[in-house]
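>>> sequence first, predicted coordinates after that:
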Amino acid sequence: MHAKVWLVGAGPGDPELLTLKAVRALRQAQVVMIDDLVNPALLEHCPQARVIAVGKRGGCRSTPQAFIQRLMLRHARQGRCVVRLKGGDPCIFGRGGEEALWLQGYGIEVEVVNGITAGLAGATQCGIPLTLRGVSRGVTLVTAHTQDDSELNWAGLAQGGTTLVVYMGVARLEEIRQGLLSAGMPGDTPVSMIENASLPNQRECRSQLQRMGSDAHAFGLRSPAILVIGEVVGHAAQQTLQQLAS
Ligand code: SAH
């Protein structure tokens, strides 16, 4: 065992959606730094480690990013094996890329372990195939939350012909709706809003682009949730109904 930082994807929440490699890293860890969205049940794989909670949910009490990075660096320099456990995949809106580059800049060995990102798990749990021949030939993962509040390229998103999976979108449903509608996406495009994907308290709100804000409000949609926008959502519904009928 030697000084190293593992940036490990914890998956969307279901403890069984963890990779074997993640389990191996956790078993070796001396220090585990865990984010808010990580299911604490995963800590059963590292009873030997010192666990440090470094959650930083948007808008809530937070541990500054610079502090987290310095903490990782300090433990690694003291010769410890550090696991930074992040929700979903570390490099999908998880700052894994930034952290890896920063640590490598200090000569620290870094290994990234993939996790199943929330968008993939959420869609699958709701029976939605993100690609489907003849319906959608691609998937675009996008965050609604930008550092500088800049606008997304709505025209590119609306006209790209791919399924859209939106992260961090709950507080921005109205902007997303308006942006896509004004860029020409049909108002009846099916939408699925999936809260707590893969967890026992998972909930799904099915809607359409033009009324997704009011539907989400009536449903009481809360973060963490992902939005799946595209024709594949409608196909999942049909398949499920057909399955039920057969
Ligand atoms: N790295 C993570 C994403 C972190 S950004 C990943 O790959 O999944 C945080 C956003 O991820 C949340 O605002 C939400 O949009 C989404 N998210 C994370 N976990 C989720 C879950 N269990 N269910 C639904 N959305 C989730």
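Looks like it came in fine. Numbers count the residues shown, from 1 in each chain.
>>> can you tell me the closest non-neighbouring residue to residue 86?
residue 94 (4.7 Å; C-beta to C-beta, 6 or more residues apart in numbering). From N, CA and C alone the C-beta is placed, and that goes for glycine too.
>>> backbone dihedrals for the one you found, please?
Main-chain torsions, residue 94, degrees, to the nearest 10: phi -120, psi 10.
>>> do the same with residue 35
phi -90, psi 160.
>>> and residue 16, helix, strand or coil?
helix (DSSP: H, G, I helix; E, B strand; the rest coil).
>>> residues near it, how many?
Counted with other C-beta atoms under 10 Å, the neighbours of residue 16 add up to 6.
>>> give me the pLDDT for the residue nearest to residue 86.
Note for residue 94: predicted pLDDT of 93.
>>> just the one 3 residues further on next, same as before
With respect to pLDDT, residue 97 scores 93.
>>> swap in residue 58?
At residue 58, the predicted lDDT confidence score is 46.
>>> and the one 5 residues further on, by the same measure?
On the pLDDT scale, residue 63 is placed at 73.
>>> right, and it touches residue 70 too?
No. If you go by C-beta atoms under 8 Å, residue 63 and residue 70 don't touch, sitting 10.8 Å apart.
>>> these two: which is more packed in?
Taking other C-beta under 10 Å, residue 63 and residue 70 do not tie; residue 63 has more neighbours (16 against 12).
>>> where do the strands sit along this structure?
Assigned strands in the chain, in chain order: 4-9, 31-34, 50-53, 81-86, 110-113, 139-143, 163-167, 190-195, 203-208, 225-229 (criterion: DSSP state E).
>>> now the ones you listed in JSON lines, with mean neighbour count, mean pLDDT and distance to residue 151?
Converted to JSON lines, the strands of the chain look like this (neighbours: other C-beta atoms under 10 Å; pLDDT from 0 to 100; distance: least, C-beta to C-beta, whole Å):
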{"stretch": "strand 4-9", "mean neighbour count": "26", "mean pLDDT": "97", "distance to residue 151": "29"}
{"stretch": "strand 31-34", "mean neighbour count": "24", "mean pLDDT": "97", "distance to residue 151": "33"}
{"stretch": "strand 50-53", "mean neighbour count": "14", "mean pLDDT": "96", "distance to residue 151": "34"}
{"stretch": "strand 81-86", "mean neighbour count": "27", "mean pLDDT": "97", "distance to residue 151": "27"}
{"stretch": "strand 110-113", "mean neighbour count": "19", "mean pLDDT": "98", "distance to residue 151": "30"}
{"stretch": "strand 139-143", "mean neighbour count": "17", "mean pLDDT": "96", "distance to residue 151": "12"}
{"stretch": "strand 163-167", "mean neighbour count": "24", "mean pLDDT": "98", "distance to residue 151": "14"}
{"stretch": "strand 190-195", "mean neighbour count": "24", "mean pLDDT": "98", "distance to residue 151": "20"}
{"stretch": "strand 203-208", "mean neighbour count": "19", "mean pLDDT": "97", "distance to residue 151": "23"}
{"stretch": "strand 225-229", "mean neighbour count": "27", "mean pLDDT": "98", "distance to residue 151": "17"}
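>>> in a markdown table, list those along with distance to the ligand.
Shown next, in a markdown table, are the strands of the chain (distance: least, C-beta to the nearest ligand atom, whole Å):
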| stretch | distance to the ligand |
| --- | --- |
| strand 4-9 | 7 |
| strand 31-34 | 13 |
| strand 50-53 | 16 |
| strand 81-86 | 6 |
| strand 110-113 | 12 |
| strand 139-143 | 7 |
| strand 163-167 | 4 |
| strand 190-195 | 6 |
| strand 203-208 | 10 |
| strand 225-229 | 4 |
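>>> okay if I get those as TSV plus distance to residue 120?
Output for the strands of the chain, formatted as TSV (distance: least, C-beta to C-beta, whole Å):
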stretch	distance to residue 120
strand 4-9	11
strand 31-34	22
strand 50-53	26
strand 81-86	15
strand 110-113	16
strand 139-143	9
strand 163-167	8
strand 190-195	11
strand 203-208	15
strand 225-229	9
